[in-house]
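1. Could you look at this predicted model? Sequence included:
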Amino acid sequence: MPSYTLQEVLTQPSVLALVLFEICLFVIAVVGNVLVCRTIYLTRRLHFSAYYFIASMSTADLCLTLLVLPVSTAYYVTYQMRGAWIFGKAMCHMWTLASSWFATASIFNLCAVTWDRYVAMTTPFRYYSRMRSSRVILMIGAAWMTSFILALMTSYGYQVSDTRILCEMQGIKLVYAVVNFVVTFVAPSFVLIFANAKIWTIAARRMNRVEAYSTTTLPAKFRRKWESQDIKMFRTFLIIIGTFLVSFTPCFIVILLDPLGVRVPGFLAYLFVVLTYINSALEPLIYGLFNKDFRKAVVASLKRRPTHARSKNVHLSSTVETRNL
């Protein structure tokens, strides 16, 4: 078993670079998710289903960043020093449970955000009735409760494993790995791809109709504006799907393949875990700060001038903003 001092470990360029990267990731994720939650709380016109789901997702990402990422960084450094988990079995179980819970809650809330956008695009005139407050609360509660149950199952799957080295991500029993892979990754991936593809298809069809109708009646600059919106929505679609798949696919595949006898080197497996933390830093950018209206709300909240004014038609305004997320 290796035995190195902290100074010796941090003189290794790869270790120092990864630790500094995780510190930067911690700062970005905390600032971004706190800004999202604070802005939604202070801005009255953002008090509707779409932003409630985003606030819930940011809360999950914030919990993951505050409670899981620092322990993960400490584990990585001390593993280089001692070659094993040194914080005790109870701490390992709590860390594993928290990691699985908050990551899964973030994924399920992401699905809820996507579903909200899907409802707004497919049934805009029934949006408010379908996404009333009681249903939104139920969906958010279900996302957190279901993710907690799945996290308990995953944690138990690690505890009863005969092959897992204490607190390594590999070594879960096959049945738990399969359930975790299907429910936590495959099903959400299907929802995200299907719903976003449908949203893109509907939006593109509507834009094409407007462009065809307005070819002879609108100036070229307005037609270019429609084309720009078309490209922007497609880009957003690719960013949403791409970020999710790049962040979570490697980690879930590693967890699934290990019980089948395919073991990935420890350092590479850890990098795949770090990818999931990157997702927590990117989500507030994708769903909050990249949105022009939301950026204005952020600036207003930072200037201590929260926007409390409601539009004359709250339901219609909510639907329009949801479609523009």
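-> Yep, it's here.

2. so how far is Phe125 from Lys303?
-> Separation of Lys303 from Phe125 (CB to CB, to the nearest Å): 36 Å. To be clear about C-beta, it is placed using only N, CA and C from the backbone, and glycine gets the same treatment.

3. which helices and strands does the helix or strand harbouring Tyr128 pack with?
-> Using DSSP states H and E, Tyr128 sits in helix 127-130. Applying 3 or more CB pairs under 8 Å, 6 or more residues apart in numbering; DSSP states H and E, one finds that helix 127-130 contacts helix 89-122, helix 314-323.

4. So which of those helices is nearest Thr39?
-> Closest of the helices and strands packed on helix 127-130 to Thr39 is helix 314-323, at 13.4 Å (criterion: CB to CB).

5. My read is that Lys198 contacts Val119, right?
-> No: counting by CB atoms under 8 Å, Lys198 sits too far from Val119 to count as a contact (10.8 Å).

6. out of the two, which sits in the more crowded spot?
-> In this view Lys198 and Val119 are compared by other CB atoms under 10 Å, and Val119 has more residues nearby, 20 against 15.

7. ok, the residue lying closest to Val298 once chain neighbours are set aside - contacts?
-> In this structure, Val298 finds its nearest non-sequential neighbour in Thr39, 4.9 Å apart by CB to CB, 6 or more residues apart in numbering. Residues in contact with Thr39 (CB atoms under 8 Å, 6 or more residues apart in numbering) are Leu46, Gly288, Phe294, Ala297, Val298, Ser301.

8. hmm, which two among those are most spread apart?
-> Gly288 and Ser301 (11.7 Å).

9. Look up the pLDDT of Val27 for me, please.
-> The model reports Val27 with a pLDDT of 96.

10. In terms of helices and strands, where is it?
-> Applying DSSP H and E, one finds Val27 within helix 13-42.

11. From the chain's centroid, how far away is that helix?
-> How far helix 13-42 lies from its chain's middle: 14 Å, per CA atoms, centre = their mean, to the nearest Å.

12. Tell me which residues of that helix come out buried.
-> By 16 or more other CB atoms under 10 Å, the buried positions in helix 13-42 come out as 15, 18-19, 22, 25-26, 28-30, 32-33, 35-40, 42.

13. What's the first helix or strand after that helix?
-> helix 49-67.

14. Only C-alpha atoms, please: export the very next helix or strand once past that next one in PDB.
-> Going down the chain from helix 49-67, the next helix or strand is helix 69-82, by DSSP H and E. Output of helix 69-82 as PDB, limited to C-alpha atoms (Å, rounded to 0.1, in the frame of the first residue of the first chain):
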ATOM      1  CA  LEU A  69     -17.900  16.900  -4.800                       C
ATOM      2  CA  PRO A  70     -15.700  17.900  -1.900                       C
ATOM      3  CA  VAL A  71     -15.700  14.400  -0.500                       C
ATOM      4  CA  SER A  72     -14.900  13.100  -4.000                       C
ATOM      5  CA  THR A  73     -11.900  15.400  -4.300                       C
ATOM      6  CA  ALA A  74     -10.700  14.500  -0.800                       C
ATOM      7  CA  TYR A  75     -11.100  10.800  -1.700                       C
ATOM      8  CA  TYR A  76      -9.100  11.200  -4.900                       C
ATOM      9  CA  VAL A  77      -6.200  13.000  -3.100                       C
ATOM     10  CA  THR A  78      -6.100  10.600  -0.100                       C
ATOM     11  CA  TYR A  79      -6.300   7.600  -2.500                       C
ATOM     12  CA  GLN A  80      -3.100   8.800  -4.100                       C
ATOM     13  CA  MET A  81      -1.600   9.100  -0.600                       C
ATOM     14  CA  ARG A  82      -2.800   5.800   0.900                       C
END
